[in-house]
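Colleague: here is a sequence with its predicted model. Questions after.
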Amino acid sequence: MANTYLRYVDPQNLYNITTYMNKKLICVDVGSQSTGICVLDPAAGFGFPVTKLPDYPRTPFERALVQEYLENAGIARDPQHLPNGIEEGQLLPIQYITSSMTPEQMTEILNRVSEEHHSHGFVFSYSCYDEHQNDPAQYVHIQNMLSRLNYFGRLFPRLFTFANEFGSTNGAKMRLEISLPDLDHKKLFHKHRGLYQDDGVLMDDLSSLVKGYIDCYSAVVFGEEYLDDACSQNLCKGRTMQNKHQHMRGYALNTLGYTEYKG
């Protein structure tokens, strides 16, 4: 998979470089059907999802969420006033990537989020769970996504690495239950039923929003764990972790065909 835009770098080195340059990272939780994204701020030690890009279509339900936010904030009804980051506990249209998107759309989203948040690189999800390491099927969706991005070939040049995402989906669900109890199908259905003539369409839109939140907060969960371990220099401590990072590096260089950044 020849490419000119992404170069692999050791996870600890990416953190060190990004922190030194006072930049941010984009965390990508790659899934077979949908992919969550979030911004990681190494200086602050936390991550946050981003609102849906303003020129992407919004459902009637999402438009209602926007108007409710603007009214509560005392802002004129202009969706351009939406924050480009979602704070903990906020319910807004959330940006994520679906498998139905074209490579052009995927690349545009990652490029724009990277530029808006001054990102220096990407942290892609990778399962370091022992029983997954030698199972190629666990990584097919990662290879597929990177292949599609590479096919279009206009992703802005960035460094990238992998971080362990095992358990992040359950962590995201638990976190959302506490911080965002309003993210509930039943509550949202009854609140916004009047916006739709077809209940099935509303349920589909609600399911997409909930899935997007879970995916993006999965990225937040494993991204923040990555920041914590990198900050304390614990990413590669011990033989087990060293072996796992060697496995990640080998996957990037040998299976995916990327070159390594040595700076």
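Modeller: Alright, I've got the coordinates. Residues are numbered from 1 along each chain as shown.

Colleague: which residues sit in contact with S179?
Modeller: Contact analysis of S179 by CB atoms under 8 Å, 6 or more residues apart in numbering lists E88, G89. All C-beta spots, glycine's among them, are computed from the backbone N, C-alpha and C.

Colleague: recalculate using a threshold of 10 Å.
Modeller: E87, E88, G89, Q90, Y217 (CB atoms under 10 Å, 6 or more residues apart in numbering).

Colleague: between those, which is nearest L202?
Modeller: Q90 (21.1 Å; CB to CB).

Colleague: tell me how many other residues surround that closest one.
Modeller: Using other CB atoms under 10 Å, Q90 is surrounded by 17 other residues.

Colleague: quick check: which element contains it?
Modeller: Per DSSP states H and E: Q90 is located in neither a helix nor a strand.

Colleague: can you pull the contacts of it?
Modeller: In this structure, Q90 makes contact with F48, P49, T51, L65, Y69, P83, S179, L180, D182, judged by CB under 10 Å, 6+ apart.

Colleague: and the pLDDT at it?
Modeller: pLDDT recorded at Q90 is 93.

Colleague: check E104 too.
Modeller: What the model reports as pLDDT for E104 is 89.

Colleague: next, it: phi, psi?
Modeller: Per-residue torsions, E104: phi -60, psi -40 (degrees, to the nearest 10).

Colleague: chain neighbours aside, what residue packs nearest to it?
Modeller: F152 (5.5 Å; CB to CB, 6 or more residues apart in numbering).

Colleague: gap between the one you found and T107?
Modeller: As judged by CB to CB, to the nearest Å, F152 and T107 stand 5 Å apart.

Colleague: cool, R154 as well?
Modeller: 6 Å.

Colleague: overlap in contacts of the two?
Modeller: Y5.

Colleague: go ahead and confirm Q12 touches L227.
Modeller: No: counting by CB atoms under 10 Å, Q12 stays clear of L227, with 11.4 Å between them.

Colleague: more neighbours: these two, which one.
Modeller: More crowded of Q12 and L227, by other CB under 10 Å: L227, with 25 against 17.

Colleague: what about the nearest residue to D199 once chain neighbours are set aside, how many neighbours?
Modeller: Excluding the flanking residues, the one nearest D199 by CB to CB, 6+ apart is R193, at 7.0 Å. Residues lying near R193 (other CB under 10 Å) number 10.

Colleague: how far away is R193 from D205?
Modeller: From R193 to D205 the distance is 12 Å (CB to CB).

Colleague: now do A252
Modeller: Distance, A252 to D205, by CB to CB: 37 Å.

Colleague: same drill for the two, tell me which one is more crowded.
Modeller: Comparing A252 with D205 by neighbour count (other CB under 10 Å), the higher total belongs to A252, at 24 against 19.

Colleague: the residue nearest to the more buried one when sequence neighbours are not counted: neighbouring residues, count only.
Modeller: Distance criterion CB to CB, 6+ apart; nearest residue to A252, sequence neighbours excluded, is Y8 at 4.1 Å. For Y8, the count of nearby residues is 20 (other CB under 10 Å).

Colleague: cool, A172 as well?
Modeller: Neighbourhood size, A172 [other CB under 10 Å]: 22.

Colleague: where does it fall, secondary structure wise?
Modeller: Element membership for A172, per DSSP H and E: helix 168-179.

Colleague: other SSEs contacting the helix or strand just after that helix?
Modeller: Using DSSP H and E, the next helix or strand after helix 168-179 towards the C-terminus is helix 185-192. On a contact count with 3 or more CB pairs under 10 Å, 6 or more residues apart in numbering; DSSP states H and E, helix 185-192 meets helix 60-73, helix 199-231.

Colleague: export the ones you listed to TSV and tack on distance to F166 and mean pLDDT?
Modeller: Output for the helices and strands packed on helix 185-192, formatted as TSV (distance: least, CB to CB, whole Å; pLDDT from 0 to 100):
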stretch	distance to F166	mean pLDDT
helix 60-73	31	89
helix 199-231	8	96
